[in-house]
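**Q** Generate a structure from the sequence data that follows.
(chains A and B)
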There are 2 protein chains.
Amino acid sequence: MSGMPAVGTAQQLDRLVHERLRLGILGALSVSESLTFTELKKLLDTTDGNLSVHARKLEEAGYVACTKGFEGRVPRTDYRLTPAGRRALDRYLDHMEALIRAMREK
Amino acid sequence: MSGMPAVGTAQQLDRLVHERLRLGILGALSVSESLTFTELKKLLDTTDGNLSVHARKLEEAGYVACTKGFEGRVPRTDYRLTPAGRRALDRYLDHMEALIRAMREK
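**A** Coordinates of the predicted model:
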């Protein structure tokens, strides 16, 4: 029962990071210098539309930065995590770890 | 980079458990024998409407059980975690722990 107040903070998990696909994007970029749109799409097994929407939300929040260019004639978009994105992800992971500890305490 | 495939499984986090309020409900019930609607509402700092909707989803999934009764003349609804709910929450927490490990591995 002592974990109860901590469990109550689940509602305060960063909404922007918590969404599954966005968490996957941030996580993938946290263990890689940069990834292309195509690499992220394959890794996260999602559609162009979904990935675009969620990558844009993260970009708007300043959590990821994207660079558009060409590889030969093929357009190529590179994504990387920004320092603000790294801090937001770390805060989220700390929060989630505290929740897991509280939920496992019986 | 070795955590990359694990990070890719963020998309497979149990959607039913992952939603913040539902995670809060399951977590609170996991550290308590049972809780009333009013106790859950206070703990999770949410509205009647939100709590009703998400508690019902968890009930429909068989993850929580609810008992309606009266305390004097005041209606009272008690919620508790079912064995299936406990298993789903444990699976989710295991999955999330693996993701956190993978995301922290640089």
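**Q** gap between A:D45 and A:L26?
**A** 16 Å (CB to CB, to the nearest Å). Every C-beta, even on glycine, is put in place using the N, C-alpha and C of the backbone.
**Q** who's more crowded, those two?
**A** The neighbour comparison of A:D45 against A:L26 (other CB atoms under 10 Å in any protein chain shown) goes to A:L26, with 25 against 12.
**Q** Look at that one and report its pLDDT.
**A** A:L26 is assigned a predicted lDDT (pLDDT) of 97.
**Q** close enough to count as contact, it and A:V64?
**A** Yes - shown here, A:L26 and A:V64 form a contact pair, counting by CB atoms under 8 Å, at 7.4 Å.
**Q** What parts of chain A come near chain B?
**A** Neighbours of chain B within chain A, by CB under 8 Å from any CB of the partner chain: A:1, A:3-4, A:7-8, A:10-11, A:13, A:15, A:18, A:20-21, A:23-24, A:26-28, A:30-32, A:43-46, A:89, A:93, A:96-97, A:99-100, A:102-106.
**Q** what sits in contact with each of A:L26 and A:V64?
**A** With contacts defined as CB atoms under 8 Å, 6 or more residues apart in numbering or on different chains, the residues shared by A:L26 and A:V64 are A:58, A:81, A:85.
**Q** Redo those as TSV? Include neighbour count.
**A** As requested, these are exported to TSV (neighbours: other CB atoms under 10 Å in any protein chain shown):
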residue	neighbour count
A:L58	25
A:L81	25
A:G85	23
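**Q** Counting by contacts, list what the longest helix seen in chain A packs against.
**A** When chain A is scanned for its longest helix (criterion: DSSP state H), the result is helix A:83-104. Of the remaining helices and strands, those touching helix A:83-104 by 3 or more CB pairs under 8 Å, 6 or more residues apart in numbering or on different chains; DSSP states H and E are helix A:4-7, helix A:15-18, helix A:20-30, helix B:20-30, helix B:83-104.
**Q** Tell me which of the ones you listed sits nearest to B:T77.
**A** In terms of CB to CB, the element of the helices and strands packed on helix A:83-104 nearest to B:T77 is helix B:20-30, at 12.6 Å.
**Q** per-residue confidence averaged over the next helix or strand after the closest one?
**A** Following helix B:20-30 in sequence order, the next helix or strand is strand B:35-36 (DSSP states H and E). For strand B:35-36, the mean per-residue pLDDT is 97.
**Q** any bit of strand B:35-36 sitting next to chain A?
**A** No - under the criterion of CB under 8 Å from any CB, strand B:35-36 makes no contact with chain A; the nearest approach is 9.2 Å.
**Q** Strand partners (parallel or antiparallel) of that strand?
**A** Strand B:35-36 has these partner strands in its sheet, going by DSSP bridges: strand B:74-81 (antiparallel).
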